[in-house]
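Asks: Pasting the sequence and the predicted model now:
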Amino acid sequence: MVINVDENTHFSILNKKVRESRDAEVTINGCIGQRYIATGLSGKKITINGTPGNALGAYLNGCDVVVNGNAQDATGDTMNGGAIIIHGNAGDATGYAMRGGKIYIKGNTGYRAGIHMKAYRDLKPIIVVGGRAGSFLGEYQAGGIIVVLGQNDDGLPIMNNFCGTGMHGGVMYLRCEKLPHRIPSQISAEVVFGEDIPELVEIVRDYCTYFPEYDSEMLLKANYTVLRPDTKNPYKQMYTDN
Amino acid sequence: MDMFIPAEYEVVRNPELCIACRVCERQCSNEVHKYDKDLGKMIADSTKCVNCHRCVCLCPTHALKIVKSDDTYRLNSNWSVQTMNEVYRQAGSGGVLLSSMGNPNDYPIYFNKILVNASQVTNPPIDPLREPMETTVYLGKKDVEIKRDIEGKLVDTLPPQLKLTTPIMFSAMSYGSISYNAHESLARAAEELGIFYNTGEGGLHRDFYKYSKNTIVQVASGRFGVHEEYLKAAAAIEIKMGQGAKPGIGGHLPGMKISDEVSATRMIPKGIDAISPAPHHDIYSIEDLRQLIYTLKEATAYTKPVIVKIAAVHNVAAIASGVARSGADIIAIDGFRGGTGAAPTRIRDNVGIPIELALAQVDERLRQEGIRDSVSVVVAGSIHSSADVVKAIALGADACYIGTAALLALGCHLCRSCHTGKCNWGIATQRPDLVKRLNPEIGYKRLVNLVRAWSHEIQEMMGGMGLNSIEALRGNRLMLRGVGLNETELNILGIKHAGA
Ligand code: SF4
Ligand code: SF4
């Protein structure tokens, strides 16, 4: 099914069509800021040409969503499964509380990417950012994997401030050797050569199959700063029974 | 135990009655009672007693009682024993004080200073035993445009509503903070009564999907257990922005309380702390709230009402007005007395405002702005009885949430030790040996009894006022009078003083 929209198309009309379509593949042309596309959907492939609005793929449960353009805020909020592939940049709070599936971004992402990301049994969410990430990357991260490849060409560092605040699970692989600014005390950092991390090798290779403009061998032949929480219960000692 | 702190309560055993059956020893998870072989009798360490009354209730010979210790520090009207002990605790541990259940302190209870009217002679009372008395309420947006099709027939444009047979629901209590058996009791009671219970932010256990028609699911900042199926199963979805017991504070379930089942329901790994931060990190404005509301509506194809729960804080009326405009179908307001499974003591005891005042102001503000019909209002935070329900509705509420009262029905004795995870009544615990003490078969019947009894009382009070439907009571403040309230309080409540 092909749905052509323009700036006058209300999101509820577009989303109803997508939701009720019986086709396995849906293409949206001319998308311009319509929110909540593919929210709570499963079992479809959705291609978006243009710029989807906020909360693309919230509660996504197993769709493939491809964005030929940029995505806005809260992409993949609480998503459970599926893939969101963005051939551009993504806004703030990308992958909020996501529990499964993957979000691959060719360019940069904004603030709070991967906040509250979790993992659960065989569900292990993955966010890969080709460029750089804004502040508060992986805030309260409780599980899952965040990779930042730093292929931005604006000369800015791979991320802004407060990376991993409140992180208590999961892992971040940052393609840089210099520790991000102000790492909180409950996080441990080590520098590891990319090719020596099997999990990372697999993810980066998979990522590059979507973005042929990147060379996985080149990306992996570099040192990565690996961040993990060094205790599972960072707040355990804070309380006194009263 | 802190050596500075003497026992607050004393376990008193009548040696004439005690047969040393050791029931108390087995029943007390705090390990107060012990059989002393050398002495040949039961002994007790009162410093560990939280006064939950489990041993008292189960002692077969009624040999036990718990009394307030008359041991005292040097009397001081400025420094209470409680305050001094709190200093000792913190000096010993360096920790933030953690408490549970609602604020127990001596603040005014406005419901107790409000009296209800009754008819005499003219406009006579209605007898609910003889006349039909409508307690059904529908929660949701009512202010829709009236549309007709080409043939002039009305088109149904009414947004989804929750139908309650009586204006009472069970408030949000998560699986994790309370037990499986407590949840089962609430779910079954809600189904039997035609009302709703609320999952809180702990997800919905697999076994309870069968009660989903009577389930409100919660979406909180940590998004625990939130997924497509969970949202689609629910009767309504509640976004938790705040909680009366801890406004401005998030939640924190310690890793040690995350059992296999709790982990599966929250969809988080076992043993890792479950942290719900204070804010939703994607909500910084009413517009952002609107976005979350519509994400949920889109995810469920506009088939269920979305509730936004906020704590009653100073400018609650303005906040509620924003929430009403954000697309929420129902606003739930939780007063400063609201319960909790764990909250920092200072927050619980010092933050927020009474629900009676908050409700009166919210209702007034929404009316003034002409948007009262665009949301329903549900209130919580120490609804003690059917009389409180009647007063709340007359102050403008559509329905009430009850939490503590429901737990009392299940056996809770308000020992306020939920945060220790050792609830002797099988309610606020995940320890299998304790959980099985609460029999859901009995528990659900007790809840049904309670709500039925309250509903009868509501009908009688309505009948007494000459009203035969709850609709006629809502916001009917002429039915209320204050006693012992000052001018400001009366103004805020929008009621007259008794005699006026
Ligand atoms: S804590 Fe409860 S069961 Fe234990 S001694 Fe005190 S009242 Fe009895
Ligand atoms: S739920 Fe249990 S622990 Fe909590 S106050 Fe009631 S009896 Fe005490």
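Replies: Done, it's in. Ligands and ions are numbered 1, 2, ... in the order given.
Asks: For chain A, what is the nearest residue in the stretch 351-500 of chain B?
Replies: Across the stretch 351-500 of chain B, the shortest distance to chain A (C-beta to the nearest C-beta) belongs to residue B:420, at 5.9 Å. For the C-beta atoms, the positions are set from N, CA and C on the backbone; glycine is no exception.
Asks: That residue and residue B:485: what is the separation?
Replies: 38 Å (C-beta to C-beta, to the nearest Å).
Asks: Of the two, which one has the most company?
Replies: Taking other C-beta atoms under 10 Å in any protein chain shown, residue B:420 and residue B:485 do not tie; residue B:485 has more neighbours (20 against 17).
Asks: got the phi/psi numbers for the spatially closest residue to the more buried one that is not a sequence neighbour?
Replies: In space, and not counting its chain neighbours, residue B:485 is closest to residue B:113: 5.4 Å by C-beta to C-beta, 6 or more residues apart in numbering or on different chains. Residue B:113 has phi and psi values of phi -110, psi 20 when expressed as degrees, to the nearest 10.
Asks: check contacts around the one residue sitting closest to the centre of chain B.
Replies: Per C-alpha atoms, centre = their mean, the C-alpha nearest to the average position across chain B is that of residue B:403, at 2.8 Å. With contact taken as C-beta atoms under 8 Å, 6 or more residues apart in numbering or on different chains, residue B:403 is in contact with B:170, B:171, B:172, B:173, B:338, B:339, B:380.
Asks: Looking at the residues you listed, point me to the pair that's furthest apart.
Replies: Spatial extent of the contacts of residue B:403 (C-beta to C-beta) is set by the pair B:170 and B:338 at 13.3 Å.
Asks: Would you mind telling me which of these two has more residues around it?
Replies: The residue with more neighbours, out of residue B:170 and residue B:338, is residue B:338; 32 against 27, by other C-beta under 10 Å.
Asks: Surely the more buried one is within a helix?
Replies: No - counting by DSSP: H, G, I helix; E, B strand; the rest coil, residue B:338 is not found in a helix; it is coil.
Asks: check contacts around residue 109.
Replies: Since you didn't name a chain, this refers to chain A. Counting by C-beta under 8 Å, 6+ apart, residue A:109 makes contact with A:89, A:90, A:91, A:92, A:94, A:127, A:129, A:131, A:132, A:133, A:134.
Asks: Switch to chain B, please.
Replies: So residue B:109 contacts B:337, B:354, B:382 (C-beta under 8 Å, 6+ apart).
Asks: and the first one, backbone torsions?
Replies: Phi and psi for residue B:337, reported as degrees, to the nearest 10, are phi -90, psi 0.
Asks: okay, now it: neighbour count?
Replies: Residue B:337: 25 surrounding residues under other C-beta under 10 Å.
Asks: so it makes contact with residue B:312?
Replies: No - applying C-beta atoms under 8 Å, one finds residue B:337 not in contact with residue B:312, separated by 9.4 Å.
Asks: Pull up the overlap in contacts between those two.
Replies: Common neighbours of residue B:337 and residue B:312 (C-beta under 8 Å, 6+ apart) are B:244, B:354, B:355, B:381.
Asks: State the distance from the third one to residue B:379.
Replies: Noted for residue B:355: a distance of 5 Å to residue B:379, by C-beta to C-beta.
Asks: repeat for the second one
Replies: Here residue B:354 is placed at a distance of 11 Å from residue B:379 (C-beta to C-beta).
Asks: Tell me which of those two has more neighbours.
Replies: Summary of the neighbour comparison: residue B:354 and residue B:379, criterion other C-beta under 10 Å, with residue B:379 having more neighbours (30 against 22).
Asks: Tell me the secondary structure at that one.
Replies: Quick answer, by three-state DSSP: residue B:379 is strand.
Asks: Show the contacting residues for the closest residue to it other than its chain neighbours.
Replies: If the residues on either side of it in the chain are set aside, residue B:379 comes closest to residue B:397, at 4.6 Å by C-beta to C-beta, 6+ apart. For residue B:397, the contact set (C-beta under 8 Å, 6+ apart) comprises B:167, B:359, B:363, B:377, B:378, B:379, B:474.
Asks: so how far is residue B:268 from residue B:397?
Replies: From residue B:397 over to residue B:268 the distance is 35 Å, taken as C-beta to C-beta.
Asks: cool, residue B:428 as well?
Replies: Using C-beta to C-beta, residue B:428 is found at 20 Å from residue B:268.
Asks: Could you chop chain B up by domain?
Replies: Chain B breaks down by automatic domain parsing into domains covering B:9-95, B:137-497.
Asks: which neighbours do residue B:355 and residue B:379 share?
Replies: Looking at what touches both residue B:355 and residue B:379 (by C-beta under 8 Å, 6+ apart), the common residues are B:333, B:334, B:335, B:392.
Asks: Return the backbone torsion pair for residue B:218.
Replies: phi -110, psi 150.
Asks: picking up where we left off before, could you tell me which ones among the contacts of residue B:397 also sit near ligand 2?
Replies: Applying C-beta under 6 Å from any ligand atom, the subset of the contacts of residue B:397 adjacent to ligand 2 is empty.
Asks: Tell me which two in these are the farthest apart.
Replies: Greatest spatial distance among those (C-beta to C-beta): B:167 and B:363, at 14.5 Å.
Asks: How far off centre is the worst-scoring helix or strand of chain B on mean pLDDT?
Replies: One helix or strand of chain B scores below all others by mean pLDDT, DSSP states H and E: strand B:251-253, with a mean of 76. Distance of strand B:251-253 from its chain centroid, counting by C-alpha atoms, centre = their mean, to the nearest Å, is 17 Å.
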